[in-house]
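> generate a structure from the sequence data that follows.
(chains A, B and C)
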Amino acid sequence: MSARTAEEPRKSQILVALEDQDTTVSLDPLENEMVLNMGPQHPATHGVLRLLVRLDGETVTGCVPELGYLHRGYEKIAENCTYHEFIPHTDRLDYLSPLSNNVAYALAVEKLAGIEVPKRAQYVRVLCCEMARIASHLVAVGTMGMDVGALTALLWMFREREKLVDIFDVLCGARFTTSYTRIGGLMQDWTSQCTEMLKQFLTEFNDDLAEVEKLLYTNKIFIDRCENVGCISRDDAIALGMTGPILRAAGVPRDLRRDCPYLVYPDLDFEVITFTESDVLARFYVRMEEMKQSAVILRQAVEKLPEGPINVNDTKRVLPKKERTYTRMEELIHDFMLINLGIDPPVGEIYQGIESSRGEFGFYIVSDGTGQPWRMKIRSPSMINLSALPTMVKGGMVSDIVAIIGSIDPVMGEADK
Amino acid sequence: MNQLILEKLKVRFPKSIEGSDEFRGDLSVRFRSEDIVKVCQFLRDDSDLNFDLIVDICGVDMYRPEGRFEVVYHLYSIRNKKYIRLKVSLNEEKPVVDSVTSVWSGANWHERETFDMYGIEFRGHPDLRRMYMPEDYEHYPLRKDFPLMGIPDSIPLPRK
Amino acid sequence: MGLGNMLSDGFLTTRLDEVINWARKNSLWPMPMGISCCAIEMMATASPRFDISRFGSEVMRFTPRQCDVMIVAGTVTYKMARVVRKIYDQMPDPKWVISMGACASSGGMFRSYSVVQGIDLFMPVDVYVAGCPPRPENLLRSLLELQKKIESDRTIGDLLRREKIFIPENGPAERVGTIS
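Have a look, this model is predicted:
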C-alpha cells in the first residue's frame, strides 16, 4: 500500500491521462492489462511519434499519442526572419510535398501584401501543387502497403517518385527541398524540357498505377487487414476538425480547391472523390483515385499554360534578377532593402489555407507593418488528424494501429512544427 | 455574407461584442472572454450560420500593457463555405479563458498547444498538459520575452 | 621481438586485421534513425535506383541489436536526444555513426531553443555528410569513406581510438582529428 502511494507523485501526467480513459493502472501481477510504449523510434510510426497504448491482451482499450520529438520552433524562428528568409523553412514542414508548402506560404504573404501574380506563374504553381500531391500520395500508398506487408508496393512507388523528382531537379535545382516560389512569383521559369519530361511521365503513369491496382485491389490479405478497421463516424470526423482524405472518406465532399478556390482551379475540370465507409480501405481508395485526378489536372494545365512573365512587376516587393543586381544601381538598392528589411506589408492579419495532400494546410500571419511577421501560426493537418487516433484504435488490435497510422499518413515535420 | 453574420451576432450578443474588422475579405470579431462558449455554441447550432468545423485556435502575444495575450479562433462552415475569426483578449497576470471542447471536441489539442506555448489556461479542459515541450519544462517558449536560443540547460542532454 | 610485439602490428595480427576488416566493411547493416526530411533521402538510397544493398548494406534493420552503423538522419531535438543516445547504447560493438545532413551535424538551419546544435555534443560520430538533404549519391560516398576508414582499423591493436572524417558536398574527404 505504502509503495503505491509513494509512487503516485512520480507517475507522469501521461499515465494519468491514460487513467482518465475509464481504466485504472494496478500493480497486481495477475492483471491482464499492460501499458505498451510504441516509442519514438519505431519502424511503423511514420516518423517520431510516441504512442502509449493500454492493452487488454491484444485488444486496445486506450491510446495516448505524444508529439514534440521533432519540435523545431518554426513559429519562433518566423518571428525573427523576414518573409523571404522563411521560404526555405517552409519546405521542411510537410517534407513529402515541399512544393505545395512553398505555394501555400507565397499565397498567404501575397494575400497579406495585396499582390496578384501573373497568369503563367499561377499555372506553374498549380502544376507544382499537383505534382507534389502525386509524389506525396505515392509515398503514402507505398508505406501503407509496406505497413500491412506488401513490400513490393513501396519499391514500385519509389520508382515512380524518382521520375517526378527528376522533374523537380530540372525545374528548380533540388530533388527535394525546393524553395521554388518567391513572394510575387517564382524563382525561375518553367522550361520546355520540363514540359517534355512531364508529358513522358503522364503517358506512363496510368499504366504503372494499374500494375499496383492489380497487385492490391483484389488481394484478400490486404482487404482483410484494411476493411472495417479504424472507422470513424461522419459527425465525429467533423467535430474533431478532420480535413483531407480522412474527411472525404467519411462522406463529406470538402475540398478547398473546389470550395474556396485559389490560383486557377476554377478553370480546371476535376472530380472530388468521396467514399462513405470511412475505414482504412476507403482512405486508400481515396488516395489512389486522387492521384488519377491529379494526373487529369496536370494534363489540362500543361495544355493551357500561357506565355508571359512569371514575376509581378513590382520592384519594391519582388527580388530583382541577379544579372541586373550586379550591373545596375536601382536593382542593387532594391535587393539590399528587400533582403535586409523585407517587404512592407500593411498592418493586419490574414488566414490562407490550401488543400495539401494531408488536408487543410494554412498560415495565419499577423503583421505589424515591418518586414518580419509579428506572429505566424502554421495550421498543420497532420497534427489534427492524429488527434482522431485514440478514437479510431479503440477496440482494435495492436497490428491495426499500424494500418491506421498508415491511413492517416502523418508527417511529423508538420505535426510538430 | 459577412454583413449577415455580423448582424446576427450583434442582435444576439449586443453586450459581448467589442469590435469587428474586415481585411482582405476575412471577417474577424472581438468578444469578451467570459462569453466565448455561448458565442461558439450559437455559431455552431444556428441553422443559417452552421460553423461546424474548428480550423484553428492559437494564441498571440501582443506585448502591450493591457490585454497582453489574445486567443484567436478560426471557424469554417462546410455548408456555406465561409471562414470567420473570433478574438478574445486576456490579461497578463491571470490568462484564463473557458475551454470550447464542449462545443467541438477537436479543440482539445489546439488548446493544449496554446497552453504549452503561452501558458494560457483553459477552464474545463479535460486534459490540459503540454504538447510539444517535455512535461516538466518550466517556461513558455512563444512569449516575446523568451529568447530564441532558449534558456541554457533547461532540458538536460545525455552525457557523451 | 617479445610477446608484446607479436600481439600488435606484427605479421599475424595485420593479416588477421585485414580479414576481419574486410568482412566488417562489406557487410555494414545500417540502423536508420530516420527522424525528419533526410529519412526520405535515406529511403531513396535504399530504393532500386540508388540501391545501397550493392555496397553490403543489405537490410535496414530497425532493431539496434543487429546493426553495425547508425545513420542519424534528421534534426535531433533535446527531447529526442535522450532516445537517440539510448538506441546508440543498445548497439553492440563494433559500431559506427554516420551523421547525415546539416541538422544532425551542426543543428542545420534551425537555431532555436529546442534543437541540439550537432549530435556530436552527446555522441561520438565517425562520418559527417553535408547537404540539406544530402543527395543519395553523397550518402553512398559516405558509406564508402566509412569502409575505407574501417579498412585501416587496428581491431586487435587499438580498439578504442577512432578518427573523425568530414565529407563536404564537392571535394575530397578529410580527417579532422581523433575522438575518444
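> count the residues that sit near the closest residue to chain A within chain C.
Across chain C, the shortest distance to chain A (CB to the nearest CB) belongs to C:S112, at 3.4 Å. Where you see a C-beta, it was placed from the backbone N, CA and C, and this is true even at glycine. When neighbours are defined as other CB atoms under 10 Å in any protein chain shown, C:S112 has 23 of them.
> do the same with A:G251
15.
> close to chain C, is stretch B:120-129?
No - applying CB under 8 Å from any CB of the partner chain, one finds stretch B:120-129 separated from chain C by no less than 14.4 Å.
> so what would you say the end-to-end distance of that stretch is?
Counting by CA to CA, to the nearest Å, you get 11 Å between the two ends of stretch B:120-129.
> buried residues in that stretch, which are they?
B:I120, B:E121, B:F122, B:H125, B:D127, B:L128 (16 or more other CB atoms under 10 Å in any protein chain shown).
> likewise stretch C:67-83?
C:67-81, C:83.
> could you dump that stretch to PDB, C-alpha only?
This file holds the C-alpha atoms of stretch C:67-83, laid out as PDB (Å, rounded to 0.1, in the frame of the first residue of the first chain):
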ATOM      1  CA  CYS C  67      23.200  -3.300 -36.700                       C
ATOM      2  CA  ASP C  68      26.600  -2.000 -37.200                       C
ATOM      3  CA  VAL C  69      26.200   1.600 -38.300                       C
ATOM      4  CA  MET C  70      23.700   4.100 -37.200                       C
ATOM      5  CA  ILE C  71      22.700   6.700 -39.700                       C
ATOM      6  CA  VAL C  72      21.300   9.700 -37.800                       C
ATOM      7  CA  ALA C  73      19.100  11.400 -40.500                       C
ATOM      8  CA  GLY C  74      17.300  14.500 -39.400                       C
ATOM      9  CA  THR C  75      17.100  17.200 -36.800                       C
ATOM     10  CA  VAL C  76      17.700  16.000 -33.300                       C
ATOM     11  CA  THR C  77      15.800  17.900 -30.700                       C
ATOM     12  CA  TYR C  78      16.600  18.000 -26.900                       C
ATOM     13  CA  LYS C  79      13.500  15.800 -26.300                       C
ATOM     14  CA  MET C  80      14.700  13.200 -28.900                       C
ATOM     15  CA  ALA C  81      18.400  13.300 -27.800                       C
ATOM     16  CA  ARG C  82      17.800  11.000 -24.900                       C
ATOM     17  CA  VAL C  83      16.200   8.400 -27.200                       C
END
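> now the residue in chain B that chain A sits nearest to: closest residue in space, sequence neighbours ignored.
Ranked by CB to the nearest CB, the top residue of chain B for proximity to chain A is B:G106, at 3.1 Å. Nearest residue to B:G106 in three dimensions, chain neighbours excluded: A:G241, at 3.1 Å (CB to CB, 6 or more residues apart in numbering or on different chains).
> what of A:M187?
Counting by CB to CB, 6+ apart, the residue nearest A:M187 is A:Y180, at 5.3 Å.
> surely B:N80 is in a strand?
No - looking at B:N80 with DSSP: H, G, I helix; E, B strand; the rest coil, it is coil, so not inside a strand.
> state the pLDDT value of the residue in the stretch 301-417 of chain A positioned nearest to chain C.
Nearest to chain C in the stretch 301-417 of chain A, going by CB to the nearest CB, is A:G413, at a distance of 5.1 Å. For A:G413, the pLDDT comes out at 89.
> same deal with the one 3 residues further on?
The predicted local confidence for A:D416 comes out at a pLDDT of 88.
> ditto for C:M100
For C:M100, the model assigns a pLDDT of 92.
> for it, which residues are in contact?
Taking CB atoms under 8 Å, 6 or more residues apart in numbering or on different chains, we find C:M100 in contact with C:C38, C:E41, C:M42, C:I71, C:V72, C:A73, C:G74, C:V129, C:P133, C:P134, C:L139, C:S142.
> could you work out the most separated pair of those residues?
Pairwise distances across the contacts of C:M100 peak at 15.4 Å for C:G74 and C:S142 (criterion: CB to CB).
> just how off-centre is the host helix or strand of A:S136 within its chain?
Using DSSP states H and E, the element containing A:S136 is helix A:119-148. Averaged C-alpha coordinates place helix A:119-148 at 10 Å from its chain's average position (CA atoms, centre = their mean, to the nearest Å).
> quick one: it near chain C?
Yes - using CB under 8 Å from any CB, we find that helix A:119-148 touches chain C at A:V139.
> quick check: mean pLDDT of stretch C:41-50?
Mean predicted lDDT for stretch C:41-50 stands at 88.
> neighbouring contacts of it?
Contacts for stretch C:41-50 (CB under 8 Å, 6+ apart): A:155, A:158-159, A:161-162, A:165, A:175-176, C:32, C:34, C:51-53, C:60, C:71, C:73, C:100, C:133-137, C:139-140.
> one more: stretch C:108-117?
With CB under 8 Å, 6+ apart, stretch C:108-117 has contacts from A:71-73, A:76-77, A:88-89, B:132-133, B:141, B:146-151, B:155, B:157, C:75-79, C:81, C:101-103, C:106-107, C:122, C:132.
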